[in-house]
Structure formats: structure tokens, C-alpha cells
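Enquirer: just need the structure, nothing else, for what follows:
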Amino acid sequence: MNFKIPSLQQITSQAIYTFKRFPLSVISALITMFIIIFLIEQDGPRYEHFSTLIKIAFASSLGLFMFTALRLFGDKNPLCLVGIASIVGYYFTLPDMKEPIEMVFERHFFLLVMFFMVTFWASYWKSNPTNEEFWEWTQSIIFGFITSMLFSIILYAGLSGALYAVDKLFSLDIDSKRYAQLIFLVIGLFGVNYFLSQIPKNPHSLKIHSYTKIEEIFTKYILTPLVIVYFFILYSYTFKILISGNFPKGILAWIIIAFSFVAILTYLFWTPLWSEKTKKYRRFISLALFLQTIMLGVAISMRIDNYNWTEHRYMVALLGVWLFCASLYFLIIKNAKYKWLFITLSVLIFVSQVGPFSSYAIGKSSQQNRLQTMINDSSPLSQMSDVQTRYEISDMISYLHKKHGIESLKPIIPKIVSKFEDKNESKKDINYYNFPSYATKELGFSFINKWELEDQRDGKNPFAVYRNQVNSIDITDYDWIVNVNYFKNYMNENLKPRRLDFSHIKKTETFFELDDEKVTIKERNITIATIPLKEFYKEILTTPNLQQSRYEVATEIKDYSKLNYEYSDKNVSVKIMIFDMFTNRDREIENIHAKVLYKRF
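Expert: Next up is the predicted model:
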């Protein structure tokens with residue numbers, strides 16, 4: 001095998017050619033790279049101009065794929081000017097980026113995917129390529145992107161290793177920020193340019209190659225068996241539904257989408273291998289997809305009927321419509337073209353992300369209306385309100401806050417939002433995540449999540465003891481104090497005690513081992529006392545004024561005597577003080593935090 005390392009001149013020439021072909025894409029990547037490197041240096045959100053710069057980075061990173069796609073429509077077209085205007089417009093649609101609004105990141109991701117998908121068909125928008133030609137072009141872009149990321153990771157690993165070696169060998173004390181900056185430097189300078197250089201110049205002159213042995217094995221013996229496995233799982237579940245009459249669970253939609261993705265990928269990879277012998281298998285994939293889209297429609301319609309629209313349900317429903325039409329298209333049309341699969345999917349993704357009919361506009365409006373109706377119908381709200389109602393209101397407030405920011409809740413609970421903003425104006429970023437709990441408390445009840453819902457629904461609340469003792473501890477008659485912890489699902493902590501008289505600190509070989517039945521005291525690995533605690537724990541768990549839900553805000557216990565246990569024998573005098581105790585739903589102790597005072601005779 002001949003392998004020749006490219007010269008510096010060849011590398012430079014290739015970089016210049018790539019820049020001349022995709023100038024706006026390269027500039028967009030460089031802008032994004034420099035901004036992120038700068039913000040890492042400035043500790044991100046703490047920098048006063050963080051919001052402005054991160055919005056520019058968002059817009060320029062979108063420009064990388066947008067300008068690449070627009071350039072592939074033709075060498076000379078006015079669409080690049082439209083692209084520049086779109087990028088500027090996109091910048092002004094972005095909210096204050098100091099608040100971590102999930103919707104912004106999701107929309108950006110889908111727009112990146114959409115423009116990446118446009119690169120598949122942009123060069124063929126005026127022509128009618130065969131499926132073999134289209135797949136050859138699409139493969140070159142997909143594999144170019146994958147290899148650019150893979151090579152970037154390898155290059156980063158090598159450079160970061162070299163940086164680490166230099167740091168340790170020469171004691172340079174290199175800041176950890178440099179490693180984060182390095183990965184964006186590698187992607188910006190190498191990864192992007194390599195990816196763009198792998199895009200063929202003329203799609204019409206591409207030669208259709210035969211699959212290598214690896215590609216054939218991947219298609220026949222990896223992708224195809226995966227489709228068959230998904231097929232049997234889904235159709236077995238469908239058969240179960242028809243027999244039992246139990247309707248689909250929420251996870252079914254995501255399993256069908258996973259099956260659809262694998263099935264379509266398999267169909268595409270089989271493109272060079274299709275023949276008269278495999279014709280039946282091609283129709284089998286289309287038919288399997290078609291039938292599962294019906295089940296997907298049933299599953300998502302039930303979720304929408306029960307809980308209204310959200311962004312994810314909107315996207316699943318839209319994808320279901322596309323899958324239904326695409327599978328029907330390939331079943332009915334003999335010479336169905338791959339080109340139209342990606343064109344229609346690109347258009348649907350764009351519609352779902354931008355404008356008044358986007359998934360975010362529909363999801364936000366739907367959940368706002370549902371929350372407003374539920375608050376009105378359930379007023380006055382309190383801790384005694386129906387647990388399902390409290391959960392759904394908590395969930396909707398959390399959803400709107402996380403997806404659309406605190407502004408989305410102003411039309412529904414304006415006084416609570418204003419009070420929160422006034423109260424936390426000087427430290428808004430710190431308390432931003434606390435708003436859902438704050439809002440439900442103002443409405444009259446504690447925030448409840450889905451795990452708490454299950455516990456409260458069947459009456460099996462996890463139990464908790466909180467000892468909010470802030471005053472000093474009376475250590476009369478004792479010489480030592482130690483913190484001991486018990487964790488049912490983790491290794492217990494064996495802690496050496498700490499002498500109260502700090503002027504006489506000395507090493508000790510005394511250890512305490514606490515569990516859900518006893519505490520064992522060992523000295524030089526010899527047990528000097530084993531103190532049974534089962535009855536003590538049982539009394540705590542059955543004393544009414546000590547019981548409270550693990551999920552409720554801790555209330556102070558005024559009488560601590562029930563949380564103390566004293567023990568004495570000829571070797572030791574011990575006082576055990578329980579500070580925190582948590583159980584599971586079956587009242588089995590999961591963890592304990594206690595302080596032990598003791599004296600050695």
C-alpha cells in the first residue's frame with residue numbers, strides 16, 4: 001500500500017482551495033472558534049458581554065452549515081446574501097443567553113441538522129439523479145463529516161497528551177482551560193476545513209463505486225439483523241395490545257422512531273446491493289414502516305389527548321406524518337426517488353422550528369393554556385389538594401420554566417414571577433433553577449415530582465428525620481466525638497474519632513462501624529463494644545411527631561431526646577445522636593448520619 005505524507009505546500013493549497021469554495025462557511029467556523037475560546041478564557045457566563053458573544057457564536061455556527069448548503073445550490077447564486085440576512089435575523093431572535101433556556105439549544109440543534117440535510121440534495125435541486133447517484137453523493141458528505149470528527153478527536157488526543165507531558169515535565173502549571181480551548185481550536189482549524197474539503201466538487205461526475213467487504217458486512221450482517229430484531233419486538237408488542245386491549249405506553253413512540261431510523265438507514269445502505277432477488281425485502285421494509293406509523297399515530301394521539309401538545313409530541317407527530325407518507329410513497333411509486341425524502345424532511349424540520357406553527361410556539365401556548373385552566377379550576381390550592389393536581393401543576397411550571405424561561409410564566413402567575421425577580425434581582429443567576437419550587441410554594445403547596453407522586457399515590461412515603469440542631473453539643477462526661485454515616489447502597493464509612501481537647505490531639509486506632517442494626521466500636525481491630533440499635537431505630541420510626549415525608553421541607557424537631565441513645569458498660573460510655581435518617585418506601589433504613597460521643601474506661 002502506497003502512503004505519502006502530504007507536503008506543507010499541498011496542505012496550504014488545499015486549505016486555500018477550500019476557503020475559495022466555501023469562504024463564508026470557513027469564516028463562520030473561525031468566528032465561532034475565536035468566541036468560544038475567548039469565553040472560556042473569561043470564565044463564560046461571568047463575563048459581562050457573555051450574552052452578546054454567545055449569541056454571535058450561535059448565529060455563526062449555524063452559518064457554517066447554512067452557507068455550505070447555499071453554496072451547493074450553485075457557484076453563482078444570490079442565496080448567500082439571503083443567508084447573511086438570515087443569520088443576522090437569527091441573532092436577534094435569540095433571548096438573553098444568561099438564562100439556560102432549553103428551547104434555544106434544541107431549536108439550534110434541529111436547524112443545524114436541517115441545513116446539514118440540505119447539503120444532501122442542494123446540488124441536485126434542478127436535476128433528477130438516480131438513487132444510486134444520490135446515495136453516492138450523500139455517502140461522501142456523511143462519511144466526510146464522520147471522518148473529520150474522528151480525525152479531530154485523534155488530533156486533539158495527541159495534542160492534549162503532548163500539552164500534558166510538557167506541563168508535567170517542565171512544571172509549567174498549564175491552566176486546565178487550555179485543554180478546553182484546544183479542542184475548539186482543532187475543530188475550527190482542522191475539522192471544519194477537512195470536512196469541507198471532502199465534499200465533491202461536481203456531484204454529476206461522481207463514479208458509483210462497488211461496496212468494499214467491510215461496507216457489505218456492515219449492511220448485510222449488522223444493519224439488517226437490527227431491523228429484524230426491532231421488527232419482531234414491535235410486532236410482538238402490537239400483537240400483545242390487540243390481545244390484551246391495553247393501550248400503548250409512552251416509550252412505544254420512541255421505539256418506533258428508533259426502528260424507523262434503522263430501517264431507513266438499512267434501506268439506503270442496501271442501494272448498491274438491490275437486485276431482483278432482494279426486491280421483496282425492499283417492499284418488506286416499506287410495509288413494516290407503514291404499519292408501524294399507524295401504531296405511532298395511536299400512541300402519540302393518546303399522549304396529546306391526555307397532556308396536550310409539547311415540543312417533543314409535536315416533533316414525534318410530524319415525524320410520524322412524514323414516515324407515513326414516505327413509506328406509502330415507496331410502496332406505491334415504482335421509481336421512488338431518495339431526493340424527495342430529504343427535501344420533504346428538511347422542509348418539515350424548518351417549519352417545526354421557525355414561525356407561528358413551530359413546535360415551540362404550539363407547545364408553549366398549549367401548556368400555558370392547560371396550566372392556566374388547571375390553576376383556575378383547582379383554586380384555592382394547598383398541601384391538601386389532590387396529589388395528581390399538585391404534580392401536574394408542578395410539572396407544567398417546571399416544563400415552561402426549563403423550555404421557555406421564566407418569561408413564559410408571566411401571563412399565568414405574574415405576581416409570583418415579579419415577586420421572585422424582585423427578591424432575587426441581585427443574584428438572579430444563582431436562584432434561576434429554584435423558581436418552580438418557589439412558584440408552587442407561593443401557590444400553596446410543595447413542589448412534587450413524578451417519584452414523589454408515586455410514593456404519595458399509594459401511601460408509601462419515604463420517611464425522614466431532620467435534626468436542625470444549631471446550638472452547641474453538651475459533651476460533659478465524654479472525651480471523644482465522631483461523625484458516623486451509614487449508606488445501605490454504598491460502602492460504610494469507617495471514621496477515626498476526633499478528640500474534643502484540641503490541645504492534646506493524638507493518633508488513635510479506634511474505629512466506629514454503623515449500620516441499620518448496631519454500632520460496633522473497634523480498637524486496634526479488636527471489638528470492644530457492640531451496641532444493638534434495632535429497638536432504638538424502631539422507636540424513632542414509630543413515633544408520630546418525628547415522622548415527616550422525605551420530600552417535604554424539613555421541620556424542626558423541638559424534643560431531641562427520642563433521637564439520642566445512651567449506652568455504658570465496663571469498657572465504654574457512648575451517646576449516639578441521630579441527625580438525619582432516611583428510609584425507602586417500605587420504611588427500610590437507607591442512610592443515617594449521626595454523631596457519637598464516647599468515653600473509654
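Enquirer: verify the stated contact: V484 with Y598.
Expert: No: using C-beta atoms under 8 Å, V484 is not in contact with Y598; the gap is 10.8 Å. Where you see a C-beta, it was placed from the backbone N, CA and C, and this is true even at glycine.
Enquirer: give me the neighbour count for T520.
Expert: Neighbour count for T520, taken as other C-beta atoms under 10 Å: 16.
Enquirer: find the nearest non-adjacent residue to it, please.
Expert: E513 (4.4 Å; C-beta to C-beta, 6 or more residues apart in numbering).
Enquirer: tally of neighbours for the one you found?
Expert: Look at E513: counted by other C-beta under 10 Å, it has 17 neighbours.
Enquirer: same question, the one 10 residues further on
Expert: Neighbourhood size, E523 [other C-beta under 10 Å]: 15.
Enquirer: same question, F170
Expert: Using other C-beta under 10 Å, F170 is surrounded by 9 other residues.
Enquirer: quick one: it from Y156, how far?
Expert: With distances taken as C-beta to C-beta, to the nearest Å, F170 is found 21 Å from Y156.
Enquirer: now whichever strand or helix holds L159: mean pLDDT?
Expert: Using DSSP states H and E, L159 sits in helix 131-170. Taken as a whole, helix 131-170 has a mean pLDDT of 94.
Enquirer: now for that helix, which elements pack on it?
Expert: Judged by 3 or more C-beta pairs under 8 Å, 6 or more residues apart in numbering; DSSP states H and E, the packing partners of helix 131-170 are helix 102-121, helix 177-186, helix 192-197, helix 338-353.
Enquirer: out of these, which one sits most buried?
Expert: By mean neighbour count, with neighbours taken as mean count of other C-beta atoms under 10 Å, helix 192-197 ranks first of those at a mean of 22.
Enquirer: who touches that helix?
Expert: Helix 192-197 has contacts (C-beta atoms under 8 Å, 6 or more residues apart in numbering) with 14-15, 17-18, 21-22, 25-26, 29, 64, 68, 144-145, 147-148, 151-152.
Enquirer: next one: stretch 591-601
Expert: Applying C-beta under 8 Å, 6+ apart, the external contacts of stretch 591-601 come out as 473, 475, 477-488, 497, 510, 512, 514, 516, 519, 521, 523, 570-582.
Enquirer: got it, and stretch 370-389?
Expert: 307-308, 390, 392-393, 396-397, 400, 411-413, 443-446, 448, 453, 456-457.
Enquirer: can we see that at 6 Å?
Expert: 308, 393, 396, 412, 443-445, 456 (C-beta atoms under 6 Å, 6 or more residues apart in numbering).
Enquirer: what's the helix or strand where V321 lies packed up against?
Expert: Secondary-structure assignment from DSSP H and E places V321 in helix 311-332. Packing contacts for helix 311-332, counted by 3 or more C-beta pairs under 6 Å, 6 or more residues apart in numbering; DSSP states H and E, involve helix 279-307, helix 338-353, helix 359-378.
Enquirer: could I get those as CSV with distance to E539 and mean pLDDT?
Expert: Listed next are those as CSV, based on distance: least, C-beta to C-beta, whole Å; pLDDT from 0 to 100:
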stretch, distance to E539, mean pLDDT
helix 279-307, 44, 86
helix 338-353, 59, 95
helix 359-378, 39, 92
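Enquirer: give me whichever of those helices is most buried.
Expert: Highest mean neighbour count among the helices and strands packed on helix 311-332 (mean count of other C-beta under 10 Å): helix 338-353, with a mean of 19.
Enquirer: and the end-to-end length of stretch 375-385?
Expert: Start and end residues of stretch 375-385 are separated by 11 Å (C-alpha to C-alpha, to the nearest Å).
Enquirer: swap in stretch 119-136?
Expert: Start-to-end span of stretch 119-136 (C-alpha to C-alpha) is 13 Å.
Enquirer: buried residues, that stretch. List them.
Expert: Neighbour counts over stretch 119-136 (16 or more other C-beta atoms under 10 Å) mark 119-124, 129, 131, 133-136 as buried.
Enquirer: same question, stretch 407-420
Expert: 408-409, 412-413, 416-417, 420.
Enquirer: now do it: everything it contacts.
Expert: Against stretch 407-420 from outside (C-beta under 6 Å, 6+ apart): 364, 371-372, 400, 435, 438-439, 442.
Enquirer: from G355, how far off is the spatially most central residue of the chain?
Expert: Nearest residue to the geometric centre of the chain (C-alpha atoms, centre = their mean): E102, 9.9 Å. Distance from E102 to G355, counting by C-beta to C-beta: 20 Å.
Enquirer: likewise for A122?
Expert: A122 is 22 Å from G355, where distance means C-beta to C-beta.
Enquirer: lovely, talk soon.
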